[in-house]
Every structure is written in structure tokens, then in C-alpha cells.
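In: Next come a sequence and a model predicted from it.
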2 protein chains.
Amino acid sequence: MQDLFTSFSLQVNNRVYIKNPESSALGRKIVESSINLIDEVGFEAFTFRKLGLEIHSNEASIYRYFESKYKLLLYLTSWYWSWMEYRIAFGLANIPAPEERLEKAIKLLTENIELDGSFEHINEYKLNKIVIAESSKSYMTKEVDQNNKEGFFAGYKQLVGRVSDIILEINPTYKYPHMLISTLIEGAHHQRFFAQHLPRLTDAVNGEDAIIEFSKEATFKAIGAKWPSK
Amino acid sequence: MQDLFTSFSLQVNNRVYIKNPESSALGRKIVESSINLIDEVGFEAFTFRKLGLEIHSNEASIYRYFESKYKLLLYLTSWYWSWMEYRIAFGLANIPAPEERLEKAIKLLTENIELDGSFEHINEYKLNKIVIAESSKSYMTKEVDQNNKEGFFAGYKQLVGRVSDIILEINPTYKYPHMLISTLIEGAHHQRFFAQHLPRLTDAVNGEDAIIEFSKEATFKAIGAKWPSK
DNA sequence: GCAAATATAATAGTAATACTATCATAAATG
DNA sequence: CATTTATGATAGTATTACTATTATATTTGC
């Protein structure tokens, strides 16, 4: 899988950038360092000026790739969801039983992400932390409808749709597959944040990943099915 | 209930403000107009300068009540959770069956909020919209641990704890009551936002409030109980 | 191998933001 | 009625989120 990915780049809506950052060394450096910097200082304190200093380049040069730091955040989150969909597509290939596919999808969606090194300039571990802590800032804005019209959330919606389809395979009468999956994804992200910063909002259980277990259990019970590994 | 509230003010951690806005006409005006203005322009575009113009007062005067717009947001969200806990305390009083109490609590936590006029200077309808769209910006910050230490999220944690206790009354062996409730609250908020702006992430069902139904169903199934109104 | 196109760097500039400081005036209180 | 306290008016600072201009590399097409 490593080799499959190395000469492979994920698709991101081309309206989130002015110039494709994948197309040049500087562009990749911008993406790579923005992940480090946002992870380090948080999105509010992150500026193109600081990023320019960090990569020994120029603020104005960064603006030739991204219109604003919000667009850069949209780029990062879109990339993430596109990556997640590939992980799921590969992970579920050749699993015939929809219950098993669903269980695997839930695991992939809710597990802790580790650095996997498939993409040289993207640190998936840090990107996951950014998506958890900052991604709501990319859609909880006054521009959400405009951005939605331009297709900036297409990847996320497609991912939710795909996993919902598995639910409908298992239980075609379940009424809320999209709600369930989007709640699950956002919920697991929130729980990872809470576990670190507001533990009273979670329930840590030793010796297991409580967030994955909770997610699986809640999902399968909601649709009235048994999950394979139980 | 209206009369119970009129001479009644909700408790907010006194470290989120410099001077208690409940203590003066200007303070109440600041709170009232900040709700209108944040609802109108969004939290990013909201500034104390604009708020000063709006209320024909002075930027510097507002800074005498709140250290920053983030603290003001913390004030608003703390007030909201404190209000929600009162709604639940009143709403569940005299209901002996824990299943019924849980069902009522879920309804109160996830329903659409309407203006109820119990507090002259607070528009609960708009405040609910603000909490849905902006509250994550009050804790998804680099200062979260510091803020947590100072007790800024105590109201929210207490609310989650209280509802979790009802779950444990119904099913003392359920392992994830806090996760379930915090996921439920955040999830329902997200769903209300998605329903308006990103409907492909939800499932609208005619003639019912799908978000409340989904929340009840998922919660009771997760803990292995039947909900009374079913 | 060189001209022309293109990308990047360096610098400067602007309006707005998120404050702080100072001083004057108005309102409340003892 | 004097004094404390709250508010208003104004100004000032560092930073942000850009845009514009010009100079210098780097790439490419012939």
C-alpha cells in the first residue's frame, strides 16, 4: 500500500487554492509547514507571515497559493477527508459482509491516527489533530452556504454517503443513516479532544480504545444489528 | 414558571467577566446586543468596536466588563448551559421514572429552542443559534487547559454529569454515559446546523422532529432500554 | 545556449483588529 | 454636597490580513 501511494496524489477541489500546492516544491513546503505550525500554535494564532518566516519564504508567495488561511484550512480538511475515503476504500475491499465492512469503517473513522508516511509532505498524525481541533472552524462560518455551493465540502459529504450506504445494506429501513454517521465522525473527534482536555466529558476505560468501542456499540445498536467482533 | 424567573438570575463563573454584566444597565445592554450582533455577523466578524457603535457606547467601556470577545463568548455559553440545567431541573421535577426523566431531558437538550422571554435581556432563540454555531470556538483553543482549570466549563460538565446519572439509574452497568450524553448534545447541535446548511449530512423526515427522534432512539438503544413514548 | 515567460523574493503600504492609556464628565452613594 | 465610581471620548500601539510594485531567480521552449 505504501508503494501504491507514493506516486499518488489525492484529489482536492481546485477552487480552494489559487495555485495547486502539489505542483511545486514551495507549494508542498507550504502545506507541510502549515500543518506543523497550526498544530503548534493553533489556527487563530497561525498567520501567513509566521508561515513565511518558518519556511524562509515570503508572505506574498504564500498568497499566490491560497487566498486566505481559511482556504488553506479548507484545503487541509478536504485533503483529510479524501485521504480517509481512500483508507476506507482500500480497507473494505474484498470484505463481502456489510456488517464487517461497517465495523471496519467505524474503526478507520474513529481510531487514533498515527503517522504512516505514505505522503512525504503530510504528517497524518498532526493533520488528524488539526481536523479534530480546527475543522469546525472551516464550516461553522457565515460563508458556509457559499462555500458549500462551490463544492468545498463534497469530499466529506461523499464519505458520509458511502458509509451510510453500508448501513442501508444492513438495515434498509433505518431512517437516519446520515445523521448517525456524521454524528459518529464528529462525536469521535470531540471525544478524542475531550479525553485530552476535558476528561469529565468522557469515560476512559483501561485496556481498550473506549472511543472505538463506544462508536461501534452505539452504531450497531442504533441500526439493530450485531457487530461481528462481539 | 415565568414569574419564578423574573427576579432570578443564573450563575456564571465570575472569572469570565471583569465586572458582572448583570450588575448594570450597560452590562445587560452589552450582553443583549452582543447576542444580536454575533447572531447577525458571526463571531469572527464580531468586534467590541462594532458592539460599542451598536449600543451607542464605547469600546473602552465594554472592555471594563469583558477582557476579550472570547471571554464574552465564554460568558454566553456558560449562561446557556446554566440555563439548560435549570430547564432540565424544572422539567424533570416530580417525574419519578428515570426512563421518563431521560426522555424529557433528551428532548430539552436537543429540541429547537424558541424565544421564551423569561430573561429580558437574553434572546434564548438567538443564543441557541450562537451556541450551535460558535460554542466550539470557546473550547477548541490553545487555552482550553488553562480555561478548564479556572472552571469555565464547569456548568457544561455538571450538566453532562447530571444526565449521565439518569442513565446510570436506568442501566448501572452502561460503560459510556458521559460519552453518550456529550456526543448527544454536540451531535444534536451539529445536526441542527447541518439541516440548515449541509442537508446531505442529515436525514430530514416530514412531520416529526427527526433530530429529537434520532437522539432518543440512539440513546435508549445504546443503553438497552425502552423509551416510554414509543 | 539564450530569450521569454513564469515563479519567487523583497519591500512597502493600507485598513482593520484587539487591545491599553489617559483624561474628562456624568451618575450614584454615603 | 463631596467623593467615589462608572462611563465617554479620544488617541495610540502592535499585529493582522491582505494588495501592489519591483527586482531577481528559475524554468521552458526554440
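Out: Sure, I can see it. What you see is a predicted model, and the numbers here were worked out from it, not measured in a lab.
In: Any part of the top helix by length along chain A near DNA strand D?
Out: As assigned by DSSP state H, the longest helix anywhere in chain A is helix A:69-92. Yes. Judged by Cβ under 7 Å from any atom of the strand, helix A:69-92 comes into contact with DNA strand D at A:69-70. All C-beta atoms are positioned from the backbone trio N, CA, C, and that covers glycine.
In: Is chain B within reach of the helix or strand just after that helix?
Out: Next in sequence after helix A:69-92, counting helices and strands by DSSP states H and E, comes helix A:98-110. No. Judged by Cβ under 8 Å from any Cβ of the partner chain, helix A:98-110 stays clear of chain B, getting no closer than 11.2 Å.
In: Just the buried positions in helix A:98-110, please.
Out: A:98-99, A:101-110 (16 or more other Cβ atoms under 10 Å in any protein chain shown).
In: Report all helices and strands that the next helix or strand after that helix contacts.
Out: The helix or strand immediately downstream of helix A:98-110 is helix A:124-134, counting by DSSP H and E. With contacts defined as 3 or more Cβ pairs under 8 Å, 6 or more residues apart in numbering or on different chains; DSSP states H and E, the packing partners of helix A:124-134 are helix A:25-41, helix A:69-92, helix A:177-197.
In: Not counting its own residues, what contacts the shortest one?
Out: Pointing back at helix A:25-41 there. Contact with helix A:25-41 is made by A:19-22, A:46, A:50-51, A:54-55, A:57, A:61-62, A:65-66, A:72-73, A:75-76, A:120-123, A:126-127, A:129-130, A:134, B:142, as judged by Cβ atoms under 8 Å, 6 or more residues apart in numbering or on different chains.
In: Measure how it sits relative to helix A:69-92, angle-wise.
Out: Between the axes of helix A:25-41 and helix A:69-92, defined by axes from the mean of the first three to the mean of the last three Cα atoms, to 10 degrees, the angle is 90 degrees.
In: Pull out the buried positions in the longest helix of chain A.
Out: Those would be A:69-88, A:92, for helix A:69-92 by 16+ other Cβ under 10 Å.
In: Output the below-cut-off pLDDT ranges for chain A.
Out: Residue ranges of chain A with pLDDT under 70: A:1-8, A:207.
In: who in it is up against DNA strand D?
Out: A:45, A:47-50, A:59-60, A:63, A:67-70.
In: how about a cut-off of 6 Å?
Out: A:47, A:49, A:59-60, A:63, A:68-69 (Cβ under 6 Å from any atom of the strand).
In: From those, which land in helices?
Out: A:49, A:59-60, A:63, A:69.
In: In PyMOL, select just the buried ones from those residues.
Out: This is the PyMOL syntax for the buried subset of those, where burial follows 16+ other Cβ under 10 Å:
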select buried, chain A and resi 69
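In: Which members of the ones in helices among the residues of chain A next to DNA strand D are the farthest-apart pair?
Out: Greatest spacing in those, by Cβ to Cβ: A:Ala60 and A:Lys69 (14.4 Å).
In: check contacts around the closest residue to A:Asn171 other than its chain neighbours.
Out: With sequence-adjacent residues excluded and distances taken as Cβ to Cβ, 6 or more residues apart in numbering or on different chains, A:Asn171 is closest to A:Ile223, at 4.5 Å. A:Ile223 sits next to A:167, A:170-171, A:174, A:177, A:180 when contact means Cβ under 8 Å, 6+ apart.
In: most neighbours, which of those residues?
Out: A:Leu180 (25 neighbours; other Cβ atoms under 10 Å in any protein chain shown).
In: Please look at A:Gly155 and A:Trp81 and confirm they touch.
Out: Yes. A:Gly155 lies in contact with A:Trp81 (Cβ atoms under 8 Å); the separation is 4.0 Å.
In: Who are the contact partners of A:Glu22?
Out: Counting by Cβ under 8 Å, 6+ apart, A:Glu22 has contacts A:9, A:28.
In: ok, A:Ala97 touching A:Pro228?
Out: Yes. Using Cβ under 8 Å, A:Ala97 is in contact with A:Pro228, at 7.1 Å.
In: who has more neighbours, the two?
Out: Each of A:Ala97 and A:Pro228 has its neighbours counted (other Cβ under 10 Å); A:Pro228 has more, 15 against 11.
In: That one and A:Arg162: what is the separation?
Out: 19 Å (Cβ to Cβ, to the nearest Å).
In: give me the residue from chain A nearest DNA strand D.
Out: A:Ser68 (3.1 Å; Cβ to the nearest atom of the strand).
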